[in-house]
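**Q** Got a predicted structure plus its sequence, pasted below:
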Amino acid sequence: MDALKGPSDDSKNGAKPGQRLSPLARLQRHVGRRIVSGFLILIPLIITFLILRFVYVYVEGFFSPIVDEFAWTFPGIGVLITLVLLYITGAFLAGKRVRGWEDSLLSRVPILGSIYSVSRQSIDALSSTTGQHFSRVVFLDWPRPGVRAMGFVTGHLHAGIEGSGAMVVVYIPTVPNPTSGMLAWVPEDDVVSTDITVEDAMKAVFSGGIVLPSIEAPASIPAAIPLEGETISKGPQPS
């Protein structure tokens, strides 16, 4: 009966078959694993704290020379001034007209225009409205059969191309900047539908695959019925 049992815990922990770890070795392995687990849990919190601390110190140092001229000051007044300025900017300068004026003016400046364009595209990609243009997340063979790529469905062609069957328009983003990528017209039957949300898929793209969404079994979706939010186009009609 012992021969039918799987490998023992000691063999899983690195011990040779038939060899048991000493109590000291088990304690060292147990402590080491717990330390690594604690490290992985605390690192994101520490990074977040350091970023917030850097922003706080930078903002306070920026406004301190101005605030010191007045008698009324307190710790954190720089952060308060920054929040007030952001509120005023969002309340009065967030319209499309101001956005168009800003884009047309800064995009024409050499060097500065390139930096501004990249920054603007990155902010648009991170904004909550970006994902509204994508109806669902799918997998498809790209760039060759056997290699699966993740893409976002942006449209639906009922008639397909040159009289073919129903097709979907799939946007395949590049990593880690989803504002650039490839656009493919793929038969509906050649894509694998998922229940991954656009937000989770975006996290995977931005992190370069470090943050992966949970993938359930692919759902079967009729080819001729577009989902809510998809851009529907009849495409070229067969002759």
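**A** Sure, I can see it. Values in this document were obtained by computation on a predicted structure and should not be read as measured data.
**Q** use CA for all of it now, contacts and neighbours both
**A** Will do.
**Q** what residues are up against residue 60?
**A** Applying C-alpha atoms under 8 Å, 6 or more residues apart in numbering to residue 60 gives the contacts 76, 77, 78, 79.
**Q** List only those of the residues you listed flagged as buried.
**A** Neighbour-count burial (16 or more other C-alpha atoms under 10 Å) applied to the contacts of residue 60 gives 77, 78, 79.
**Q** quick one: what helix or strand has the second one in it?
**A** Residue 78 is located in helix 77-92, with elements delineated by DSSP states H and E.
**Q** what about the longest helix seen in the chain, average pLDDT?
**A** Ordering each helix of the chain by length in residues (DSSP state H) puts helix 23-67 first. The predicted model assigns helix 23-67 a mean pLDDT of 84.
**Q** shift numbering so it begins at 116
**A** In the new count, where the first residue is 116, that last one comes out as helix 138-182.
**Q** from the chain's centre, how far out does it sit?
**A** In terms of C-alpha atoms, centre = their mean, to the nearest Å, the centre of helix 138-182 is set 22 Å apart from its chain centre.
**Q** Just want the angle from it to helix 192-207.
**A** Here helix 138-182 runs at an angle of 70 degrees relative to helix 192-207 (axes from the mean of the first three to the mean of the last three C-alpha atoms, to 10 degrees).
**Q** Quick check: residue 272 touching residue 282?
**A** Yes. The pair residue 272 and residue 282 passes the contact test of C-alpha atoms under 8 Å, sitting 5.0 Å apart.
**Q** if I pick the residue nearest the centre of the chain, what's in contact with it?
**A** Closest to where the C-alpha atoms of the chain average out (C-alpha atoms, centre = their mean) is residue 318, at 2.2 Å. Neighbour list for residue 318: 326, 327 [criterion: C-alpha under 8 Å, 6+ apart].
**Q** how near is it to residue 146?
**A** Look at residue 318 and residue 146: by C-alpha to C-alpha, to the nearest Å, they are 32 Å apart.
**Q** which residues sit against stretch 218-230?
**A** By C-alpha under 8 Å, 6+ apart, stretch 218-230 touches 231, 232.
**Q** tell me the mean pLDDT for that stretch?
**A** Averaged across stretch 218-230, the pLDDT comes to 81.
**Q** same thing with stretch 262-280?
**A** 80.
**Q** Pull up the distance across it, start to finish.
**A** 24 Å.
**Q** care to break the chain down by domain?
**A** Following automatic domain parsing, the chain resolves into domains at 116-209, 248-348.
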